[in-house]
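1. What follows is a predicted structure for the sequence shown.
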Amino acid sequence: MWKDFKDFAFKGNVIDMAVGVMIGTAFGGIVTSLVGDLLMPLLSILTGKVDLTSLSLTIGEGADAPVVKYGAFLQTIINFLLIAISIFLLVKGINSLRTRMSRKAPAEPAPDPRLCPYCKMQIDDAAIRCPNCTSHLQ
């Protein structure tokens with residue numbers, strides 16, 4: 001059983017997945033900081049520094065009346081949209097950079113095939129006799 005566990009835990013796929021999860025977590029921190037520290041302050045300037053999380057609706061009267069915090073829900077939706085847009089733009093930029101870096105020089109076009117002067121069939125460049133009509137070639 002220990003051998004099976006070792007084979008599973010130290011396979012390349014499991015290690016790759018663990019690295020992917022760690023990088024994903026770090027990337028999540030970057031995106032959260034981008035939204036919370038850069039985009040939300042800019043958005044608050046546009047909206048007149050309105051704090052959406054304080055918006056609520058009290059249903060009924062008294063101390064036990066339920067409170068619907070629709071402002072927190074709106075703020076969560078805005079955060080989601082900003083995070084989705086940020087991830088989209090980051091991935092698009094990374095893919096564009098990757099494409100630009102891996103761009104190779106265009107391949108030279110293949111030379112025209114060699115044709116037998118007698119039967120006009122395609123022959124190998126090194127052939128001295130046509131395999132189709134058996135003519136001697138120069």
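-> That came in fine, so what should we check first? Residues are numbered from 1 along each chain as shown.
2. so when I look at Val50, I'm seeing a strand, right?
-> No - per DSSP: H, G, I helix; E, B strand; the rest coil, Val50 lies outside any strand segment and is coil.
3. check contacts around it.
-> With contact set as CB atoms under 8 Å, 6 or more residues apart in numbering, Val50 has these partners: Ser44. C-beta here means a position set from N, CA and C on the backbone, and glycine is covered the same way.
4. Now do stretch 115-126, average pLDDT.
-> Averaging pLDDT along stretch 115-126 gives 90.
5. Also stretch 53-70?
-> Averaging pLDDT along stretch 53-70 gives 87.
6. Then stretch 24-43?
-> Averaging pLDDT along stretch 24-43 gives 85.
7. Need the contact partners of it.
-> 78-79, 82-83, 86-87, 90.
8. And for stretch 81-97?
-> Residues from elsewhere that reach stretch 81-97 (CB under 8 Å, 6+ apart): 31-32, 34-35, 39-40, 43.
9. Report how many residues lie close to Glu98.
-> You called it Glu, but residue 98 is Arg. When counting by other CB atoms under 10 Å, one arrives at 10 neighbours for Arg98.
10. and if you look at the one 3 residues further on?
-> The local packing of Met101 (other CB under 10 Å) involves 7 other residues.
11. I am finished for the moment; much appreciated.
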